[in-house]
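Colleague: coordinates only, no sequence provided:
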C-alpha cells in the first residue's frame, strides 16, 4: 500500500509558476512509476506527466511540454511538478499517482492522492 499526499496548489495569476509536491509513505517510492493527472470541473481526469522509477525517463502530455517539469527525489520520497507560464486552462485539481506499470490512463495507476487545487486567474 502506498499513501500519497499532494500539496502546493494555490490561486495564482496567469503567467505565474507553482511547484506541486507529492509525498509518499508506506512503501519504497523508487519501486513505482509516478504520474501527475488533473481534472477540471466538468471534464474527465487527464494525464499530465509521468516519471520512471529512477527519474531518468519522463513523458509529458502535449499541452504541458515546455512548461511543466516532473521530477522526483527518492531519498525524500517526494515527486514534484514544476509548472511555469500557467494559464486559466490549467485550472484543475491535480493528483499524483503511483504504478508499477507504464501508461497514461488513470486505470494504469493503482494508488492516488487526494488532490490539490490549482486555480489560475486571467
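Modeller: Looks like it came in fine. The structure presented is a predicted model; accordingly, all values stated were derived computationally and were not measured. Numbers count the residues shown, from 1 in each chain.
Colleague: so residue 114 touches residue 9, yeah?
Modeller: No. Here residue 114 does not reach residue 9: they are 11.0 Å apart, not a contact under CB atoms under 8 Å. In this view, the C-beta of every residue, glycine as well, is placed from N, C-alpha and C.
Colleague: so if I had to pick from those two, which one is more boxed in?
Modeller: Neighbours were counted for residue 114 and for residue 9 using other CB atoms under 10 Å; residue 9 has more, 17 against 11.
Colleague: burial count for the residue nearest to the more buried one when sequence neighbours are not counted?
Modeller: Of all residues not flanking residue 9 in the chain, residue 116 sits nearest, at 3.4 Å (CB to CB, 6 or more residues apart in numbering). If you count neighbours by other CB under 10 Å, residue 116 ends up with 22.
Colleague: shouldn't residue 116 be in contact with residue 20?
Modeller: Yes. Look at residue 116 against residue 20 with CB under 8 Å: they come within range, at 6.2 Å.
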